[in-house]
Structures are given as structure tokens and as C-alpha cells.
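**Student:** Turn this into a structure:
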Amino acid sequence: MKWDYRLLKDLEGHYEITEFYYDEDGLILGWCPASAPSGESFDEALEDYRMMNEAFYKPIIEMPVGIPKEEK
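**Tutor:** Have a look, this model is predicted:
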């Protein structure tokens with residue numbers, strides 16, 4: 001399964017960095033709010049931060065997404 005961070009625009013117009021999970025065809029399987037950047041080392045936390053930053057350069061996903069939100 002593939003995943004990445006994306007910006008999600010909700011119905012009220014608010015934006016949130018969100019984890020999206022995809023099948024092998026790129027269809028969204030699930031999503032959940034992203035937590036703060038983290039890792040088991042400074043470099044891992046920095047890489048997580050970098051991946052979150054990339055979300056601002058990808059197309060925004062707007063609600064409704066059409067699949068249930070996963071609780072973290």
C-alpha cells in the first residue's frame with residue numbers, strides 16, 4: 001500500500017495536512033489526520049517534516065472524500 005501527505009480542504013474551507021492511503025491503482029483507500037513530524041532520530045523527524053512540506057505542492061483533496069476517516 002502506498003501513502004503520502006496531502007492537504008485536505010474541508011467543507012468549511014479549512015486546510016489540514018492529512019495522511020492518505022492508496023491501492024495499487026492510486027485510488028484512495030483511507031485517510032487520517034497527520035500528527036506532528038516525528039521519528040526515532042533527528043534525521044527521521046526531519047524527513048517526516050520534509051514529506052509533510054511536499055503536500056503543499058500536490059493537488060489539494062477536497063471534502064467529501066467519499067471514504068471513511070480513520071481514527072489515529
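
**Student:** Going by C-alpha atoms from here, please, whenever you check contacts or count neighbours.
**Tutor:** Will do.

**Student:** Quote the end-to-end distance of stretch 3-19.
**Tutor:** In stretch 3-19, first residue to last residue: 7 Å (Cα to Cα, to the nearest Å).

**Student:** Buried residues, that stretch. List them.
**Tutor:** 5-9, 16-19 (16 or more other Cα atoms under 10 Å).

**Student:** Poorly predicted segments of the chain, please.
**Tutor:** Residue ranges of the chain with pLDDT under 70: 66-72.

**Student:** The residue most central in space within the chain: what's its closest spatial neighbour, skipping adjacent residues?
**Tutor:** Nearest to the mean C-alpha position of the chain, by Cα atoms, centre = their mean, lies residue 19 at 2.4 Å. Distances taken as Cα to Cα, 6 or more residues apart in numbering put residue 5 closest to residue 19, at 4.6 Å, once the chain neighbours are dropped.

**Student:** Surely that neighbour forms part of a strand?
**Tutor:** Yes. Using DSSP: H, G, I helix; E, B strand; the rest coil, the assignment for residue 5 is a strand.
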